[in-house]
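Visitor: next come a sequence and a model predicted from it.
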Amino acid sequence: QVQLVESGGGLVQPGGSLRLSCAASGTSFDISAMGWYRQAPGQRRELVASVWPNGATKYTPSVKGRFNISRDNAGNMVYLQMNSLTPEDTAVYYCNAAPPGLLGRFDVGSWGQGTQVTVSS
């Protein structure tokens with residue numbers, strides 16, 4: 001089981017940048033797929049970006065070219081660099097660890113507690 005703690009959220013102006021961090025502890029990090037999800041009020045939780053154990057990444061279309069996910073297996077960390085932020089990126093962002101192919105489920109894998117990102121002038 002992997003335990004996850006997110007950090008790095010906050011208030012930023014439109015066009016600004018933030019970097020979210022997810023610290024993982026426990027076994028199996030290096031064989032887990034990692035994902036960043038977000039949930040805005042009244043909306044479903046959506047997958048923003050994912051990175052597999054082999055380093056392959058995937059992004060939801062609305063963040064492609066603006067966000068970058070990376071992982072540091074030696075340090076058990078996952079990062080989400082977010083650039084050119086817009087108010088539509090405002091949400092609580094969650095880190096998720098799961099066996100490859102099983103991201104997003106609540107009965108498998110682990111979730112962090114979430115970190116708030118607010119994009120506003």
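Guide: Received it, and whenever you're ready, just let me know what you need. Residues are numbered from 1 along each chain as shown.
Visitor: ok, G55 - contacts?
Guide: Contacts for G55 (CB atoms under 8 Å, 6 or more residues apart in numbering) come out as R71. Where C-beta positions appear, they are placed from N, C-alpha and C, glycine not excepted.
Visitor: from T118, how far off is it?
Guide: Plainly put, G55 is 30 Å away from T118 if you go by CB to CB, to the nearest Å.
Visitor: hey, what's the residue minimising distance to the centre of the chain bridged with?
Guide: The residue lying closest to the centre of the chain (CA atoms, centre = their mean) is W36, at 2.1 Å. Here W36 shows beta-bridge partners A49, C95, assigned using DSSP bridges.
Visitor: isn't it right up against A91?
Guide: No: with contact defined as CB atoms under 8 Å, W36 does not reach A91; the gap is 10.5 Å.
Visitor: W111 - how many residues pack around it?
Guide: The burial metric for W111, expressed as a neighbour count using other CB atoms under 10 Å, is 20.
Visitor: wouldn't it be in contact with V92 here?
Guide: No: counting by CB under 8 Å, W111 stays clear of V92, with 11.3 Å between them.
Visitor: and the nearest residue in space to T57 that is not next to it in sequence, how far is that from P41?
Guide: In space, and not counting its chain neighbours, T57 is closest to V51: 5.0 Å by CB to CB, 6 or more residues apart in numbering. Summarising the geometry, the distance separating V51 from P41, computed by CB to CB, is 27 Å.
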